[in-house]
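>>> what follows is a protein structure lacking sequence information:
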């Protein structure tokens, strides 16, 4: 990877407060995403994906007013459509208005660069999804989907830990107090020999690097992203079924906190500092909060006028959240500043956007004052059972380091 250009102070963009008033908390229950496009837009105002569906429906109906409103809303959210889309929809607006929108979309797609290369994994390690770091030993860990291996970086390079008996590995989380590294294990299209692959969480002793606990997921579920609370409770999201799982330190299996179907594709998750809620990214719709006392799900309201769908990794940072947004155009890394009570997003800063050295950024972790993340997972290069798609070799997996604001 090429080094980033420009310092973080000049690169951070502060997004203005949203002109659209947010609903009161009592009205912000997480809707069931099976509504008509127009209803979805009202229910998920921070989702560019939902807005694009509404825009597509307006185009099919040749509804010029709705197309105009949809393009204006996408521009306000920070979205940058492709040129083919812009040219197709340009017929609905006067030239002067469309030219102004073209400029706004171009500004939305501008590059914001603030990270630098940290390390990489050779392309012999196939489809690296998650990474983690042990502060006590300084070891860096990586999880692979196709190789089904948990890797550790040592003086002589990367090596796979033995005895794991895992499926494809996704998210990682370090429990420093209990000296455990947790890994999510499951099955996807890219998993070789998926029959009998373990679906659940595996804990590795950080001192011996041997597996010591296994928490099976309910039924045919499988966890992908995981997060730890201060008391050692572990949470996991299942993007296939939509479930959220939980296990307390004394429990031997994952239990269901949010049943399947409530969320569509939950990804990154972060327990709140006060222990009352769990912040969750529902990939196509935006950010939700799960109330841990009863499992109820509500929309995390936002005062920031920006898209909040397409978030994969989600991490705590200085009373707020860092989000890796790889399901939008442009792809971005955000810092979400939360209100003092933690019940809404007060402001959003774009830390990086449309970086020229990115492929698809996926997951990361906070290391002291830095944020490290996988910058080029290359999911698009792997097909059924891990077969390589396309011509040419896969690339090494780049890991980049970013210093968020204090």
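Structure received. Computed from a predicted structure; not experimentally measured. Numbers count the residues shown, from 1 in each chain.
>>> remind me which residues of the chain are low pLDDT?
Along the chain, the model assigns pLDDT under 70 to residues 1-28, 33-35, 37.
>>> so for it, the centremost residue is which one?
residue 312 (1.2 Å; C-alpha atoms, centre = their mean).
>>> thought that one was touching residue 364?
No - counting by C-beta atoms under 8 Å, residue 312 stays clear of residue 364, with 9.6 Å between them. Just so you know, the C-beta spots here come from the backbone N, C-alpha and C atoms, and that holds for glycine as well.
>>> what residues are shared contacts of those two?
residue 324 (C-beta atoms under 8 Å, 6 or more residues apart in numbering).
>>> give me the number of residues near the closest residue to residue 242 other than its chain neighbours?
Distances taken as C-beta to C-beta, 6 or more residues apart in numbering place residue 263 nearest to residue 242, at 4.5 Å, with adjacent residues excluded. Counted with other C-beta atoms under 10 Å, the neighbours of residue 263 add up to 28.
>>> how is residue 263 assigned, secondary-structure-wise?
Three-state call for residue 263 (DSSP: H, G, I helix; E, B strand; the rest coil): coil.
>>> and residue 342, how many neighbours?
By other C-beta under 10 Å, neighbour count at residue 342 equals 17.
>>> okay but it is in contact with residue 274, surely?
Yes - using C-beta under 8 Å, residue 342 makes contact with residue 274 at a distance of 6.5 Å.
>>> for the residue nearest to the centre of the chain, give its distance to residue 333.
10 Å (C-beta to C-beta, to the nearest Å).
>>> what do the two both touch?
Shared contacts of residue 312 and residue 333 (C-beta under 8 Å, 6+ apart): 324-325, 361.
>>> would JSON lines of these with secondary structure be doable?
Converted to JSON lines, the shared contacts of residue 312 and residue 333 look like this (three-state DSSP):
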{"residue": "324", "secondary structure": "strand"}
{"residue": "325", "secondary structure": "strand"}
{"residue": "361", "secondary structure": "coil"}
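>>> ok so residue 87 is a helix residue?
Yes - under three-state DSSP, residue 87 falls within a helix.
>>> for stretch 36-50, buried residues please.
37, 40-41, 43-50 (16 or more other C-beta atoms under 10 Å).
>>> now stretch 252-264
254, 256-258, 262-263.
>>> now do stretch 221-232
Applying 16+ other C-beta under 10 Å to stretch 221-232 flags 221-229 as buried.
>>> can you count the residues close to residue 363?
For residue 363, the neighbour count with other C-beta under 10 Å is 28.
>>> so who does it touch?
So residue 363 contacts 129-131, 170-172, 225, 268, 312-313, 324, 373-374 (C-beta under 8 Å, 6+ apart).
>>> related to what we said a few turns ago, could you work out the most separated pair of the buried residues of stretch 221-232?
For the buried residues of stretch 221-232, with distances taken as C-beta to C-beta, the pair at the greatest spread is 222 and 229 (21.1 Å).
>>> still on that earlier bit, pairing partners for the helix or strand hosting the residue nearest to the centre of the chain, with directions?
When secondary structure is defined by DSSP states H and E, residue 312 falls within strand 311-317. Paired neighbours of strand 311-317 in the sheet (DSSP bridges): strand 320-325 (antiparallel).
>>> which other residues reach the strand it pairs with?
Against strand 320-325 from outside (C-beta under 8 Å, 6+ apart): 268, 270, 279, 281, 307-308, 310-316, 331-338, 351, 361-364, 366, 371, 373, 404.
>>> can you say which of the residues you listed are buried?
Among the contacts of strand 320-325, the ones that count as buried (16+ other C-beta under 10 Å) are 268, 270, 279, 281, 307-308, 310-316, 331-338, 351, 361-364, 371, 373, 404.
>>> where does residue 57 fall, helix, sheet strand or coil?
What three-state DSSP gives for residue 57 is helix.
>>> and the gap between it and residue 69?
On the measure of C-beta to C-beta, residue 57 and residue 69 end up 12 Å apart.
>>> swap in residue 62?
14 Å.
>>> more neighbours: these two, which one.
Neighbour tally, residue 62 and residue 69, criterion other C-beta under 10 Å: the higher count belongs to residue 69, 16 against 10.
>>> tell me the contacts of the residue nearest to residue 242?
30, 242-244, 280, 282, 288, 297.
>>> then residue 295?
Residue 295 is in contact with 257-258, counting by C-beta under 8 Å, 6+ apart.
>>> SS state for it?
Applying three-state DSSP: residue 295 is coil.
>>> residues contacting the residue nearest to the centre of the chain?
225, 267-268, 281, 283, 324-327, 361-363.
>>> need these in JSON lines (columns: secondary structure).
Compiled in JSON lines, the contacts of residue 312 are given as follows (three-state DSSP):
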{"residue": "225", "secondary structure": "strand"}
{"residue": "267", "secondary structure": "strand"}
{"residue": "268", "secondary structure": "strand"}
{"residue": "281", "secondary structure": "strand"}
{"residue": "283", "secondary structure": "coil"}
{"residue": "324", "secondary structure": "strand"}
{"residue": "325", "secondary structure": "strand"}
{"residue": "326", "secondary structure": "coil"}
{"residue": "327", "secondary structure": "coil"}
{"residue": "361", "secondary structure": "coil"}
{"residue": "362", "secondary structure": "coil"}
{"residue": "363", "secondary structure": "coil"}
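>>> just the closest of those residues to residue 216, please.
Nearest member of these to residue 216, counting by C-beta to C-beta, is residue 225, at 17.5 Å.
>>> so the closest residue to that closest one other than its chain neighbours is in which element?
Excluding the flanking residues, the one nearest residue 225 by C-beta to C-beta, 6+ apart is residue 171, at 4.3 Å. Applying DSSP H and E as the criterion places residue 171 in strand 168-175.
>>> sheet partners, orientation included, of that strand?
strand 180-186 (antiparallel).
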